[in-house]
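Asks: make a model of this:
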Amino acid sequence: MKVCQNPNSSNPFNPDGNKFCVSCGFEDFSTLLRKRFRVQKFIGEGGFARTYLAENTDRLDAACVIKQFLPQFQGRAALNKGKELFKQEANSLFALGENHTQIPRLLASFQQGSGMYLVQDFIEGENLLAEVK
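Replies: Coordinates of the predicted model:
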């Protein structure tokens, strides 16, 4: 997966074959987000975010998850509430993930262009839907 290097790109993740960013038209790509996280593949998406499996090049290519804030709702009030909840999730991961084996540790929380991102440890296992079944 290619990562657009335009800091204002609203969605920097692009398929390998693209010559231009699908969000902004920029043609400068890298394989790293923030010069540190190598995106491997798309994992899934929900009402607030898309998630990607990645490698943390600063930690011996350890597996991690990039969560990109991409709300599926309209309106300024809903968007502001979504941003607040996304930041609250980062704070919770920071507070709880350091000392718990089943809560991922927060590795980074940042804004790039109009996008907001959380990066957390990848915890091997089934997703919740598979566990429930």
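Asks: count the residues that sit near residue 51.
Replies: Other residues lying near residue 51 total 17 when counted by other CB atoms under 10 Å. For the C-beta atoms, the positions are set from N, CA and C on the backbone; glycine is no exception.
Asks: what about whichever strand or helix holds it, average pLDDT?
Replies: Here residue 51 sits within strand 49-56, counting by DSSP states H and E. Throughout strand 49-56, pLDDT has a mean value of 95.
Asks: strands of the chain, residue ranges please.
Replies: Assigned by DSSP state E, the strands in the chain fall at 2-4, 13-14, 29-30, 32-33, 37-45, 49-56, 62-69, 106-112, 115-121.
Asks: partner strands of the third one, parallel or antiparallel?
Replies: Here strand 29-30 has these sheet partners by DSSP bridges: strand 2-4 (antiparallel).
Asks: tally of neighbours for residue 2?
Replies: Quick note: residue 2 (other CB under 10 Å) scores 18 neighbours.
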